[in-house]
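1. have a look at this fold, sequence not included:
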């Protein structure tokens, strides 16, 4: 069990991926940033997907920058740094696709 969150372009190709173990609370950070808490099912995602607009992904990116700016004291943890990087990469890859295609599909498994 765990959280496997994937971003897809219109062609159905995976363009972003983030993985969190079932006990990794940092998964909730990505759910929160995407305003997608309804897809959080405890030890994994709900198995559902949602379409996000450019604006929604830009909002998530902005919120992530603010969140991690305010969490500087926590960033000494290698675990947080790893998750911070995968969250940032996930959002940036989704944004790149959304800017080209107007939207991105995210699956919460």
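-> In hand now; what should we look at? Here the structure is a predicted model, which is why all the values come from computation and not from measurement.

2. show me where this protein has strands.
-> 2-8, 14-21, 48-53, 103-108 (DSSP state E).

3. select, out of these, the one closest to residue 86.
-> Proximity to residue 86, assessed across these by CB to CB, is greatest for strand 14-21 (4.9 Å). Any C-beta I mention is one placed from the backbone N, CA and C, and that applies to glycine too.

4. geometrically speaking, which residue is the centre of the protein?
-> The chain has residue 30 as the residue nearest its centroid, 4.1 Å off, counting by CA atoms, centre = their mean.

5. ok, how many other residues are close to the closest residue in space to residue 21 that isn't next to it in sequence?
-> Nearest residue to residue 21 in three dimensions, chain neighbours excluded: residue 2, at 4.9 Å (CB to CB, 6 or more residues apart in numbering). Residue 2: 15 surrounding residues under other CB atoms under 10 Å.

6. how about residue 68?
-> Close neighbours of residue 68, defined as other CB under 10 Å, add up to 17.

7. per-residue pLDDT, it?
-> Looking at residue 68, its pLDDT is 77.

8. what's the separation between the residue lying closest to it once chain neighbours are set aside and residue 55?
-> Using CB to CB, 6+ apart and skipping the chain neighbours, the partner closest in space to residue 68 is residue 84 (5.8 Å). Using CB to CB, to the nearest Å, we find residue 84 at a distance of 23 Å from residue 55.
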